[in-house]
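*Asks:* Generate a structure from the sequence data that follows.
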Amino acid sequence: MPQTLTGWILFAAIMASAMGTAATATKLIMMLRGRVAFDRRDIHAAYAFGVLLGLSTLLFLFVDSR
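*Replies:* Numbering: from 1, shown residues only. Now for the predicted structure:
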């Protein structure tokens, strides 16, 4: 568990971006199956949430590794 304020902020960013990534990935899968209309913003949102997830995870490991 995080032991600093920075660690808790990064942990919250990881959780929020993981939920966003899961939601947009689900919508992209539904879009590929033809159940939802195509929207380019979903592709950009999935990319942005994925990048945020990766960066916040790496920063979290760097900040709170002991």
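
*Asks:* What is the longest helix of the protein by residue count?
*Replies:* With secondary structure taken from DSSP state H, the chain has its longest helix at helix 5-33.

*Asks:* for the record, mean pLDDT for whichever helix or strand comes after that helix?
*Replies:* Next helix or strand after helix 5-33 toward the C-terminus (DSSP states H and E): helix 40-63. The average pLDDT for helix 40-63 rounds to 93.

*Asks:* now the angle from the longest helix of the chain to helix 40-63?
*Replies:* 150 degrees (axes from the mean of the first three to the mean of the last three Cα atoms, to 10 degrees).

*Asks:* List the buried residues of stretch 13-20.
*Replies:* Buried residues in stretch 13-20, counted by 16 or more other Cβ atoms under 10 Å: 13-14, 17-18, 20. For the C-beta atoms, the positions are set from N, CA and C on the backbone; glycine is no exception.

*Asks:* From the residues you listed, pick the one nearest Asp42.
*Replies:* Set against Asp42, the nearest of the buried residues of stretch 13-20 by Cβ to Cβ is Gly20 (11.1 Å).
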